[in-house]
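Visitor: With the input below, show me the fold.
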Amino acid sequence: MPNIPHKVTEMSDGGKEITFQSLVPNEQITISYLYFPPKTYQQINTYVKSDAGLARIVKIIPALDLAIWQKAIIYFFLFIGCATVIYLLIMFLTFISINYLF
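Guide: Residues are numbered from 1 along each chain as shown. Below you'll find the model as predicted:
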């Protein structure tokens, strides 16, 4: 993704190589595939190389972006949780200082 011209070449070891004619700097592509046993993902993603020397594999998990109201709810509960932990920590330290230090 996106669909760009490429060439699939058979390798001497039985594998295949996907070659792209050219990519502009910072262009990212996604390659999706299905594989069935006995192949494993270690046999699929073996290496990435570039003539310019700046290619790398970026491992990500695709995820949908949340709506603004969903993010607001998450941030609200995150704030309530952090405020509660800070409050309980202050109460604990107050309890320790009153009962054990004085």
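Visitor: does residue 88 sit in a helix or strand, and which one?
Guide: helix 68-96 (DSSP states H and E).
Visitor: For that helix, the averaged confidence score.
Guide: Taken as a whole, helix 68-96 has a mean pLDDT of 97.
Visitor: Could you pull up the contacting residues of the residue sitting nearest the centre point of the chain?
Guide: Most central in the chain under CA atoms, centre = their mean is residue 60, positioned 3.3 Å from the mean C-alpha point. Taking CB atoms under 8 Å, 6 or more residues apart in numbering, we find residue 60 in contact with no residue. The way it works is simple: take the backbone N, C-alpha and C, and place the C-beta from them, glycine included.
Visitor: If we use 10 Å, what do you get?
Guide: 28, 30 (CB atoms under 10 Å, 6 or more residues apart in numbering).
Visitor: And it, how close does it get to residue 3?
Guide: 19 Å (CB to CB, to the nearest Å).
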